[in-house]
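1. 3D model of this:
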Amino acid sequence: MGFSGKQVQALRRKLDGRQIRTREANGRELAYIEGWFAISEANRIFGFDGWSRETLEARCVLTRENRGTFMAVYTAKVRITVQVMGTTIVREGHGSAEGRGPSPGEVHDVALKAAETDGTKRALATFGRPFGLELYRQSRTPGRAKSLKVPSPAVQPTRFGLHPDDTTPIPRPSHYYGDRQTPVLHEQVSQFERRSVSIATTPSIAPATPDLEPGKVDKSVLALPEPKRRRDKWHLRFGASQPCLVCGRHPSDPHHLRFAQPRALGLKASDEFTVPLCRTHHRQLHRTGDEVSWWKGVNIDVLPAARALWEQTHPTEARPKYV
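-> I've put the predicted structure just below:
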């Protein structure tokens, strides 16, 4: 074995449940880790220059277009090469992913990148627990997946405070993997350590809001915020019952304003940013490359219209902020 003692120790440690995500697929709940976290762990354990990734094969297995919406499915074969103490270790993994959207170029690009990321995670999983190897066990029960995906309401206080998302190579010890699991008594620590304990016992990184699921935090108030994407099926049905914003015809589709929030992989804008459009204008808008110019062309200030619709279904809430 070419790995050092610290690397072997890191590869044997269990995956933190807070890094496990879940999604519904074909009626099943699947557990996974995000691609950025797998790469971060590889950098931490193997070193920034101690491993490399190579896409051996990438193939488009399906492409389709339906009413201005494109879909593409890609498969990819990825090879991971790790250099440790003069030894070369090679692992391979296959991945697949699909992309959907109004732009064929963007759809193929998203599907290809996602397939390569999936293959990378599967190849890294062969190295052990930190890369989610346990998640591929077929006998794992759904109840266990749910217990892993919900983070603890309070972080266990440790001598070193909160997890610093350390991506430094393994020679530098990681604070997150400290063995101490019990609270530190104030009488037994110095003034400096007492401050660390007070930080570590903070219930969560950001305050939770009533419309979030239990155990979740509002990422829109973090130092590097993420846009809040609210979902309300009743509001979408209400929007579909309204006449088309352009021609006044029925029936209408609830259209999400893509420019209202930054784009995210596989995520639409918040339901706050929806307006009713008939099928003809909805299809015409999805075929255009510049949505802002399209709305200017029909002489409609669409953001206030979306805000007015949201206030009709949520009259007791404060007005959402439109950028």
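2. For L257, give me its contacts.
-> Counting by CB atoms under 8 Å, 6 or more residues apart in numbering, L257 touches A269, F273, T274, V275, E291, V302, L303, A306. Using the backbone N, CA and C atoms, a C-beta is placed for each residue, glycine as well.
3. again, 10 Å this time
-> Applying CB atoms under 10 Å, 6 or more residues apart in numbering to L257 gives the contacts 268-270, 272-275, 285, 291-292, 295, 302-303, 305-306, 322.
4. from those residues, which ones fall inside helices?
-> Assignment to helices by DSSP state H places the following of these there: L285, E291, V292, W295, V302, L303, A305, A306.
5. And the third one, how far from P102?
-> With distances taken as CB to CB, to the nearest Å, V292 is found 15 Å from P102.
6. again, but for the second one
-> Applying CB to CB, one obtains 9 Å for the distance of E291 from P102.
7. go on, the last one?
-> Distance check for A306 against P102: by CB to CB, it reads 19 Å.
8. Those two: which has the busier surroundings?
-> Set A306 next to P102 and count neighbours by other CB atoms under 10 Å: A306 wins out with 26 against 17.
9. which ones are touching the residue nearest to E134 when sequence neighbours are not counted?
-> Nearest residue to E134, sequence neighbours excluded (CB to CB, 6 or more residues apart in numbering): L15, at 6.6 Å. The neighbourhood of L15, defined by CB under 10 Å, 6+ apart, consists of I33, F37, E41, G128, R129, P130, F131, G132, L133, E134, L135, L148.
10. Excluding chain neighbours, what is closest to R67?
-> Per CB to CB, 6+ apart, closest to R67 is R283, 5.8 Å.
11. how many other residues sit next to E24?
-> With other CB under 10 Å as criterion, E24 counts 8.
12. Run a quick check on it versus L30, I expect a contact.
-> Yes: the pair E24 and L30 qualifies as a contact (CB atoms under 10 Å) at a distance of 7.6 Å.
13. burial of A260, as a residue count?
-> Neighbours of A260 under the rule other CB under 10 Å: 19.
14. Number the chain from 10, please
-> In the new count, where the first residue is 10, that last one comes out as A269.
15. right, and it touches E281 too?
-> Yes: between A269 and E281 there is a contact at 8.0 Å, judged by CB under 10 Å.
16. who are the neighbours in contact with the residue nearest to R76?
-> Applying CB under 10 Å, 6+ apart to R292 gives the contacts R76, G77, T78, P111, D262, L286.
17. That one belongs to a helix?
-> Yes: applying DSSP: H, G, I helix; E, B strand; the rest coil, one finds R292 inside a helix.
18. what about the residue nearest to F46 when sequence neighbours are not counted, neighbour count?
-> Leaving aside its sequence neighbours, F46 sits nearest to Q28 (CB to CB, 6+ apart; 5.4 Å). Using other CB under 10 Å, the number of residues around Q28 comes to 19.
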